[in-house]
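> Structure for the following, please:
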Amino acid sequence: MARGQSRSTKGFARQQAEPIHAPRGRPLRIAHAYGNTRARLEVAVASAADLIEADVWYRAGKLWVRHEARMRPFPLLVDKRMRGHSLPLWSLPLGRRWYIRLDINRLSLDEVLETLASAKGVLIDVKGSYRGQENREFAAALIRTVRGHGAESSIAICGQYWPVLEDVWREAPDLEVRYSVERVFQWEKFMRLVGDDERVRRVCIEHRFLNEERARFLTDQGVDVFCWTVDDPEEARRLTAAGVDGIISNDLDLLAELDQAVIPAGEG
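As a prediction, the model looks like this:
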């Protein structure tokens with residue numbers, strides 16, 4: 001939806017990261033949660049996805065990749081089952097919707113970036129909530145890790161916990177930062193940020209939250225838009241036709257077919 005900006009950003013051109021773009025004008029194809037286990041990574045590397053999403057948590061100076069929350073003080077992780085994904089290793093189902101697993105054989109962000117190298121980009125989704133200094137430590141660890149792998153041009157950092165994003169944005173303006181939005185209070189804050197700072201022009205938004213009025217605002221402001229989690233082909237086609245810049249999906253086949261939803265210029 002980033003059709004151009006309503007106000008000049010020339011003064012920020014040197015320090016602001018350029019957003020990752022897909023070739024041929026189609027939306028970026030982003031594999032939701034496929035960076036969270038080694039088995040999923042292997043599948044996604046062989047897929048048509050442009051970016052692979054990885055959920056990242058911070059603990060004691062380390063960056064760990066997983067979607068599940070920890071059941072403190074026990075070494076156990078718990079989560080809802082995710083559509084389109086099999087249960088991770090060492091998992092025990094809890095009814096139809098939930099599962100639990102041991103927090104062993106952990107996957108680090110270092111390993112994810114090393115595995116993908118230049119083969120795929122990564123959408124890093126910041127998870128958890130932290131206090132004061134921990135926010136800065138999390139942001140510093142993200143910046144250090146991304147730079148250590150030379151991945152500055154192939155990653156984007158998003159999340160609904162904005163303090164870490166803001167620390168990354170301040171300390172490393174060359175890295176792509178996206179505010180994640182699915183609630184009214186987040187949307188209202190994002191609108192204020194767009195108005196206050198011309199560098200804030202990227203968002204990840206829950207697709208059902210993206211109504212016509214919000215879409216018009218984002219287009220008018222020149223915001224680059226990723227939508228999650230889109231698993232219905234008709235919805236993917238609708239969003240693609242509307243000019244969304246990235247589709248986040250659990251369905252790798254749906255992502256592979258996004259090319260077919262794009263009408264070349266002059267043929268519409």
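
> Remind me which helix or strand Arg101 belongs to.
strand 98-102 (DSSP states H and E).

> How far does that strand sit from its chain's centre?
Offset of strand 98-102 from its chain centre (Cα atoms, centre = their mean, to the nearest Å): 24 Å.

> and what of stretch 127-135?
With Cα atoms, centre = their mean, you get 19 Å for stretch 127-135.

> Go through that stretch and flag the buried ones.
127-128, 130, 134-135 (16 or more other Cβ atoms under 10 Å). (C-beta placed from N, C-alpha, C; glycine too.)

> And for the longest strand belonging to the chain, what's in contact with it?
In terms of residue count, the longest strand belonging to the chain (DSSP state E) is strand 51-59. For strand 51-59, contacts defined as Cβ atoms under 8 Å, 6 or more residues apart in numbering pick out 20, 28-36, 41, 44-45, 63-67, 109, 112, 116, 120-128, 130, 134, 137-138, 141-142, 156, 164, 246, 248.

> Which stretches in the protein count as strands?
Counting by DSSP E, the strands of the chain are 28-31, 51-59, 62-65, 69-70, 76-80, 91-94, 98-102, 121-126, 155-159, 176-181, 202-206, 224-228, 246-249.

> Lys189: which of these is closest?
strand 176-181 (8.2 Å; Cβ to Cβ).

> Closest to the centroid, which residue in the chain?
Leu123 (4.0 Å; Cα atoms, centre = their mean).

> just the helices in the stretch 1-150 of the chain please.
Counting by DSSP state H, counting those that start in this stretch, the segments of the stretch 1-150 of the chain that form helices are 38-45, 109-116, 133-148.

> Below-threshold pLDDT in this protein: ranges please.
Flagging of the chain using pLDDT under 70 yields the residue ranges 2-16, 260-268.

> mind giving me the domain ranges of this protein?
Here the domain parsing of the chain from automatic domain parsing is 29-66+106-260, 67-105.

> from those domains, which stretch is densest packed?
domain 29-66+106-260 (a mean of 19; mean count of other Cβ atoms under 10 Å).

> hmm, back to that, next, format the helices of the stretch 1-150 of the chain as CSV and append distance to Trp57.
Output for these, formatted as CSV (distance: least, Cβ to Cβ, whole Å):
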stretch, distance to Trp57
helix 38-45, 17
helix 109-116, 10
helix 133-148, 9
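
> For Arg97, which of those helices is the nearest?
helix 38-45 (19.7 Å).

> quick one: Asp253 from Ala49, how far?
The gap separating Asp253 from Ala49 is 11 Å, by Cβ to Cβ, to the nearest Å.

> ok, Arg40 - contacts?
Contacts of Arg40 (Cβ under 8 Å, 6+ apart): 33-34, 85.
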